[in-house]
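# just to be clear, the model below is a prediction. Sequence and coordinates:
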Protein chains: 2
Amino acid sequence: MYEVELKLRADHDRVRERLEALAAERVQSLTQADTYYDAPHRDFAATDEAVRVREETRDGDRVTRITYKGPKIEAESKTREELETTVGDGETVRELFESLGFEPVATVRKDREYFTVSGLTVTLDTVEDVGEFVEVETDVETADGVEPAREAAVELLVDLGLDLDNQLRTSYLELLLADDTPEDTQE
Amino acid sequence: MYEVELKLRADHDRVRERLEALAAERVQSLTQADTYYDAPHRDFAATDEAVRVREETRDGDRVTRITYKGPKIEAESKTREELETTVGDGETVRELFESLGFEPVATVRKDREYFTVSGLTVTLDTVEDVGEFVEVETDVETADGVEPAREAAVELLVDLGLDLDNQLRTSYLELLLADDTPEDTQE
């Protein structure tokens, strides 16, 4: 399974108006707290991998998932392989990874609001301490499906009044960590 | 949580007779397929740790759990810290660990039959390609509880007609791997 995803920093009020005009369907909203880990034996920043424990709360129910993200395989979008499964207890799986020498780097907290339009998913993300973002996303089964899916995503971005040139390839984690720079080291 | 566990190789027919005489309660039976992993950054044989993915089938239902076992903290019994939680999909969590560089060492398959007697758990294990074993086991909350629990377990072993001198500290995994030695290297 490959995830095709385009992301931009964008004011939500304007995008909501365009979603309404396009008759987008509001699917659901939820909150996520994602803890990312450093590996003891690999530099994930260099290998472009990630290990994440995600606690997701929707309508009062909490589900925890563990995810491995492989290196990006397609330069234009953020396409990469993902392995994800639920776990029964988030605290135990965090302790398990820490016992193995994986260290928590940071926790990204966000509210997400999902819409469906033209067969694609549009997400309005409000990321704590980082800002407002829009994602256009779809999953495809094979590598061959990646390019057509990306073209459809770009077309929808234009329909939403957004500019592809503003595309952001930086993860929320990287944006949060950049924000965490102590003030006295910022020029 | 600490697990106090004594284990012996023993013929099940004789132990069943003693369990009946002691009015032990037969609790349940199940099968387990345990895949153990080597770490890419630590020699688990040297650090005395283990990572295991266990698929357990009981009355047709399958549950997968992931477990980290820390080094043994008490020499006489096999007491060690355990971190365990369920996972939604066993195949995904196996792929996740393999993507991180953890390598499967072997899979231990066994049928287990559980009894309760004198507040302790007695397990009759039939391990594929390895043989028949009896375990006496209990969990205690604190390190202080370990020694009294061990003494109670030894007393029950004697009542079952077993000899503590035959206690086995070798894991099923080690026994299986020893069995796997190619014949031409055995003297």
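That came through, no problem. Keep in mind that this is a model prediction, so the values were computed, not measured.

# distance between the helix ranked longest in chain A and the chain's centre?
For chain A, the longest helix by residue count, based on DSSP state H, is helix A:146-159. Remark: helix A:146-159 is offset 17 Å from the chain centroid, using CA atoms, centre = their mean, to the nearest Å.

# likewise stretch A:83-99?
Using CA atoms, centre = their mean, the offset of stretch A:83-99 from its chain centre is 19 Å.

# and the contacts of it?
The contact list for stretch A:83-99, computed with CB atoms under 8 Å, 6 or more residues apart in numbering or on different chains, reads A:35, A:37, A:51, A:53, A:55, A:63-68, A:70, A:104, B:49, B:66, B:68, B:70, B:83-89, B:92-93, B:95-96, B:99. Where C-beta positions appear, they are placed from N, C-alpha and C, glycine not excepted.

# put the buried members of the residues you listed into a ChimeraX selection.
Buried members of the contacts of stretch A:83-99, defined by 16 or more other CB atoms under 10 Å in any protein chain shown, are picked up in ChimeraX with:
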select /A:35,37,51,53,55,64,65,66,67,68 /B:49,66,68,83,84,85,86,87,88,92,93,96
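
# still on that earlier bit, quick one: buried residues of the helix or strand following the longest helix of chain A?
Once helix A:146-159 ends, the next helix or strand along the chain (criterion: DSSP states H and E) is helix A:172-179. Neighbour counts over helix A:172-179 (16+ other CB under 10 Å) mark A:172-176 as buried.

# tell me where chain A has strands.
Assigned by DSSP state E, chain A shows strands spanning A:2-9, A:25-38, A:50-58, A:61-72, A:80-87, A:103-117, A:120-127, A:131-140.

# quick check: end-to-end length of stretch A:40-48?
15 Å (CA to CA, to the nearest Å).

# if you count neighbours, what's buried in it?
Neighbour-count burial for stretch A:40-48 flags residue A:44 (criterion: 16+ other CB under 10 Å).

# circling back to that earlier point, closest to residue B:120 among the buried residues of helix A:172-179?
Nearest to residue B:120, judged by CB to CB, of these is residue A:173 at 47.6 Å.

# so how far is residue A:80 from residue A:48?
For residue A:48, the distance to residue A:80 equals 8 Å [CB to CB, to the nearest Å].

# next: residue A:95.
Relative to residue A:80, residue A:95 is positioned 27 Å away (CB to CB).

# which strands and helices sit next to the longest helix of chain A?
Helices and strands touching helix A:146-159, as assessed by 3 or more CB pairs under 8 Å, 6 or more residues apart in numbering or on different chains; DSSP states H and E, comprise strand A:2-9, strand A:120-127, strand A:131-140.

# okay, those strands in JSON lines with mean neighbour count next?
JSON lines is the format used below for those (neighbours: other CB atoms under 10 Å in any protein chain shown):
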{"stretch": "strand A:2-9", "mean neighbour count": "20"}
{"stretch": "strand A:120-127", "mean neighbour count": "20"}
{"stretch": "strand A:131-140", "mean neighbour count": "19"}
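
# lowest-confidence stretch among those?
Looking at the helices and strands packed on helix A:146-159, the lowest mean pLDDT belongs to strand A:2-9 (a mean of 89).

# ok, residues contacting that strand?
By CB under 8 Å, 6+ apart, strand A:2-9 touches A:73-74, A:77-82, A:131-143, A:145-146, A:149-150, A:153-154, A:157, A:162-164, A:166-169.

# let's see that with 7 Å instead.
With CB atoms under 7 Å, 6 or more residues apart in numbering or on different chains as the test, strand A:2-9 has contacts from A:77-82, A:131, A:133-140, A:143, A:146, A:149-150, A:153-154, A:157, A:162, A:166-168.

# quick one, it and strand A:120-127 angle?
Following axes from the mean of the first three to the mean of the last three CA atoms, to 10 degrees, one obtains 50 degrees for the angle between strand A:2-9 and strand A:120-127.

# quick one: contacts of stretch A:43-53?
Outside stretch A:43-53, the residues within contact range by CB under 7 Å, 6+ apart are A:34-39, A:42, A:64, A:66-72, A:90, A:93-94, A:102.
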